[in-house]
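Enquirer: next one to model:
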Amino acid sequence: MIRVGIFGISGFAGQKLAEILLAHPEVSLAVGVVAPDEGTPLLSEIAPRLRGRTSLRCTNRPDWGAVDAETDLVFLALPHVVSMSFVPQLLKLGKRVIDLSADFRLKNIAVYEKWYATHTCPDLVREAVYGLPEMYRDAIRSARLIANPGCYPTSVILALLPLARERLLEPAVIADSKSGVTGAGRTPSLANLYAECNENLKAYKAGEHRHGPEMEEILSIAARETVSVLFVPHLVPMSQGILSTCYARLTREISEKQLQDLYESSYASEPFVRMMPYGQSPACRNVTDTNYCDIGVKKVGPRQVVAIAAIDNLVKGASGQAVHNMNLMCGAPETVPFIPA
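Expert: Now for the predicted structure:
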């Protein structure tokens, strides 16, 4: 049995983590930590849909004795900067850690500090493994510290990864992403009010969203050369889901069949990537509450390609991917509990 804890269990990602883990036959959810001002609620009070499935009472600060005695692995579903304050202590206790924040995703500390904040444990960034199983499966298995990818980067990277690996990408791509409102987290803001989001569609932080550098770093590693991404996110009036439409020029011309075959072969052994028939777009409703990424590709010119990916931002884009990483780290079947045996 894998004994786990969740720091930040009251957020959208934390609640989704708890929901997935309670369905996992090889997991015991032993520790839940909420923010200092949230008291000590039952998990079923935070997430009423979990009534009857758990009697876990959360604490509003880490009980390090309980963490040490009752967990093997800890998920950090916390904001950036907050996560890095807990990681050194968890590793010192011998716990394996999956961090859902951005604190350990970017290997370039200067880039992290430009977009986020001063890093307090940069030495651990070198050790952290980027938790995209489709790219780093073997390294994830033996890692102590996983940097779970961001939701937007998961969709964009998977949409373009086969082209990057084959050095088919011209060095500048465009990513146009639409996200549901849960991607902004539970902290109230004017932009996320129902009356602001409902029957509305708007772009935000065009070319200056901090997920852009994450996409660029990972795609550049895959392509073995610098790839720049012009990233424009949009907020759409739905709770969960991301649809990323990526526009790329190819370094050489390939046929429609070669393009589809490249993606089919690249993801043939990946349990959570599903290819659409050539020229068809995926849809968010088909991946809601699943750990799938659906991808469709199409040539729109001799050397122009559109690659479209759909994911659930809370599952494949956050908590589901984190559980997939846990399965790899702990030797559990990769697809549990997402795909019935």
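
Enquirer: element containing the closest residue to residue 271 other than its chain neighbours, please.
Expert: The shortest distance from residue 271 to any non-neighbouring residue, by Cβ to Cβ, 6 or more residues apart in numbering, is to residue 335 (5.0 Å). The way it works is simple: take the backbone N, C-alpha and C, and place the C-beta from them, glycine included. Following DSSP states H and E, one finds residue 335 outside all helices and strands.

Enquirer: report the contact partners of residue 335.
Expert: By Cβ atoms under 8 Å, 6 or more residues apart in numbering, the contact list for residue 335 reads 271, 272, 327.

Enquirer: now swap in residue 74 and tell me
Expert: Taking Cβ under 8 Å, 6+ apart, one finds 4, 5, 6, 7, 31, 67, 90, 95, 96, 97, 98 in contact with residue 74.

Enquirer: quick one: the helices in the stretch 101-250 of the chain?
Expert: Taking DSSP state H, counting those that start in this stretch, the helices of the stretch 101-250 of the chain run over residues 109-115, 122-127, 133-141, 151-165, 194-197, 212-223.

Enquirer: now, of these, which is deepest in the fold?
Expert: Comparing these on average neighbours per residue, with mean count of other Cβ atoms under 10 Å, the densest one is helix 151-165 at a mean of 27.

Enquirer: so which elements touch that one?
Expert: Contact analysis of helix 151-165 by 3 or more Cβ pairs under 8 Å, 6 or more residues apart in numbering; DSSP states H and E lists helix 133-141, strand 172-179, helix 212-223, strand 228-235, strand 242-249, helix 256-266, strand 293-301, strand 304-311 as its packing neighbours.

Enquirer: tell me what the third one is packed against?
Expert: Looking back up the chat, that one is helix 212-223. helix 109-115, helix 151-165, strand 228-235.

Enquirer: give me the contacts around that helix.
Expert: Looking at helix 212-223 with Cβ under 8 Å, 6+ apart, the contacting residues turn out to be 102, 105-108, 111, 115, 130, 132, 135, 149-150, 152-153, 156-157, 160-161, 164-165, 167, 169, 171, 173, 175, 226-229, 231.

Enquirer: and the last one, by the same measure?
Expert: Here strand 304-311 makes contact (Cβ under 8 Å, 6+ apart) with 151, 154-156, 158-160, 163, 241-250, 259, 281-284, 286-287, 292-300, 317.

Enquirer: in that strand, what counts as buried?
Expert: The neighbour-count check on strand 304-311 (16 or more other Cβ atoms under 10 Å) flags 305, 306, 307, 308, 309, 310, 311 as buried.

Enquirer: can you tell me the strand partners of it and which way each runs?
Expert: strand 242-249 (antiparallel), strand 293-301 (antiparallel) (DSSP bridges).

Enquirer: kindly present these as TSV, with separate columns for mean neighbour count, distance to residue 235 and mean pLDDT.
Expert: Output for the strands paired with strand 304-311, formatted as TSV (neighbours: other Cβ atoms under 10 Å; distance: least, Cβ to Cβ, whole Å; pLDDT from 0 to 100):
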stretch	mean neighbour count	distance to residue 235	mean pLDDT
strand 242-249	22	11	98
strand 293-301	21	20	98
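
Enquirer: now these in CSV, with distance to residue 47?
Expert: Converted to CSV, the strands paired with strand 304-311 look like this (distance: least, Cβ to Cβ, whole Å):
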stretch, distance to residue 47
strand 242-249, 22
strand 293-301, 25
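
Enquirer: for residue 139, which of these is the nearest?
Expert: Of all the strands paired with strand 304-311, strand 293-301 sits nearest to residue 139, with 19.8 Å by Cβ to Cβ.

Enquirer: any idea of the angle the closest one forms with helix 151-165?
Expert: Here the directions of strand 293-301 and helix 151-165 differ by 50 degrees (axes from the mean of the first three to the mean of the last three Cα atoms, to 10 degrees).

Enquirer: next, the angle helix 133-141 makes with strand 293-301.
Expert: Going by the same axes, to 10 degrees, strand 293-301 makes 140 degrees with helix 133-141.

Enquirer: that older thread, nearest to residue 60, of the contacts of residue 74?
Expert: Closest to residue 60, out of all of the contacts of residue 74 and judged by Cβ to Cβ, is residue 7, at 11.0 Å.

Enquirer: what's around the residue nearest to residue 89 when sequence neighbours are not counted, how many residues?
Expert: Excluding its sequence neighbours, the residue lying closest to residue 89 (Cβ to Cβ, 6+ apart) is residue 64, at 7.1 Å. Using other Cβ atoms under 10 Å, residue 64 has 11 neighbouring residues.
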